[in-house]
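In: Give me coordinates for this.
(one chain, ligands or ions: 2)
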Amino acid sequence: MGSLPVPSVQALVEATGGDDVPPRYLRPDAAEEAVTGDGDGEAQIPIIDHRRLLLELDHGGEESARLHRACQDWGFFQLVNHSVPDDVVESMKVNIQQFFQLPAETKKRFAQERGQLEGYGQLFVVSEDQKLDWADMLFLYAQPPERRKTKFWPDQPATFRYSGAVKDVSDSLLATMAKNLGLKRETIADKCIRGMQSFRMNYYPPCAQAERVVGLSPHSDANLLTLVLQVNHVQGLQIKRNGSWLPVKPVPGAFIVNIGDMLEVFTNGRYRSIEHRAVVDPKEERLSVAAFHFPDMDAMIGPLKELTAQEDDAYKTLDLESFMKIFFATKLEGKSFLDRMKLN
Ligand SMILES: O=C(O)CCC(=O)C(=O)O
Ligand SMILES: [Fe+2]
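Out: Ligands and ions are numbered 1, 2, ... in the order given. Below is the predicted model of the structure:
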């Protein structure tokens, strides 16, 4: 595993003012793809109320039904009134902003080591001639706690509180989703008791030629469920919907939640992961924190047998480690990774 080392885009922008874009970052094809409006006035991803979901957890209800439709029809939604305390979210935001403000030399102390995913750098760079994303990132394992390599953590206590509180949200969403699929509440959550959680902290510097670069290549997430925190006011996330890119307009204080490939596999395709990407702003930096939730390290990733009593498995069954190895060894390219997990 691991990624080829690449220069820091933040350092590049600081050194050159960001007017010159090296050819490896130019993505003429991306500029030609259709975008649906600017997020204003267009159909937006559904908004789900976490407090209502928690009240309905035992018996189901209107909000749970709305969640089910959001998972089937969109694969993306915003979660408002969630249970992570404001001060925990705010300290996480401050933490990560401070990290990227550190001098380049200091950040290098957190750099990824050869063959490893964790640390400051980039992911999914597998060849020297591959196009590069206009971003830097910090990748960390946060759960289970013994997986944390604290030398990569810029400031620990705030992030640790955030980690646990966000995992609780993910577990509760998975519990409602299981019920919505006609399963026992614990069916999915039981596979996530020592579930893995990783963080990808994204830093997208501004780019004078923003239209010609991509902040994060089109991809679907490999995990079960992702909760993304928008750290500042700059918009940039877009999802693929009806063949074009729909900009997501974040609701202040909400998490943007999306279905990952492993949940598509577990549900034998009832819920699908959705392709998304991040674009960059011409003038302002943008930051986001994605929290990825996985099953336990020893879980098998395949269609849940409770759901396939009367239908064929549409995906292969693989252990988590093999699944991840394949995922991280390929460049990000839409849903091409999951296509290779399909049977027939
Ligand atoms: O920056 C964003 O809003 C999206 C981040 C994302 O998709 C990811 O880290 O997988
Ligand atoms: Fe993503």
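In: which one is A30 nearest to, not counting chain neighbours?
Out: V214 (5.0 Å; C-beta to C-beta, 6 or more residues apart in numbering). C-beta here means a position set from N, CA and C on the backbone, and glycine is covered the same way.
In: Hmm, C207 and that neighbour touching each other?
Out: No: contact criterion C-beta atoms under 8 Å: V214 and C207 do not qualify, at 9.9 Å.
In: which neighbours do those two share?
Out: Shared contacts of V214 and C207 (C-beta atoms under 8 Å, 6 or more residues apart in numbering): 134, 280.
In: neighbours of the residue nearest to A30, just the number please.
Out: V214 sits with 24 neighbouring residues when counted by other C-beta atoms under 10 Å.
In: likewise D155?
Out: D155 sits with 14 neighbouring residues when counted by other C-beta under 10 Å.
In: ok, now which ones touch the residue lying closest to it once chain neighbours are set aside?
Out: Using C-beta to C-beta, 6+ apart and skipping residues adjacent in sequence, the residue nearest D155 is N95, 4.9 Å away. Shown in contact with N95 (C-beta under 8 Å, 6+ apart): 154-155, 158-159.
In: what helix or strand is N95 on?
Out: helix 86-101 (DSSP states H and E).
In: Give me the buried positions along stretch 24-33.
Out: Neighbour-count burial for stretch 24-33 flags 25-27, 30 (criterion: 16 or more other C-beta atoms under 10 Å).
In: Now render the residues you listed as CSV, adding pLDDT.
Out: Compiled in CSV, the buried residues of stretch 24-33 are given as follows (pLDDT from 0 to 100):
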residue, pLDDT
Y25, 91
L26, 91
R27, 91
A30, 82
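In: Contacts only, for the residue of the stretch 101-250 of the chain found nearest ligand 1.
Out: Nearest to ligand 1, among the residues of the stretch 101-250 of the chain, is L237, at 3.6 Å (C-beta to the nearest ligand atom). Taking C-beta under 8 Å, 6+ apart as the contact definition, L237 lies against 228, 230, 247-248, 250, 256, 276-278, 288.
In: Does stretch 285-305 reach ligand 1?
Out: Yes: residues of stretch 285-305 contacting ligand 1 under C-beta under 6 Å from any ligand atom: 288, 290.
In: buried sites along that stretch?
Out: By 16+ other C-beta under 10 Å, the buried positions in stretch 285-305 come out as 285-295, 299, 301-304.
In: show me where the stretch 151-300 of the chain has helices.
Out: 156-180, 186-189, 261-266 (DSSP state H, counting those that start in this stretch).
In: Pick the most buried one from the ones you listed.
Out: helix 261-266 (a mean of 26; mean count of other C-beta atoms under 10 Å).
In: Contact residues of the stretch 51-200 of the chain facing ligand 1?
Out: Residues of the stretch 51-200 of the chain lying near ligand 1 (C-beta under 6 Å from any ligand atom): R200.
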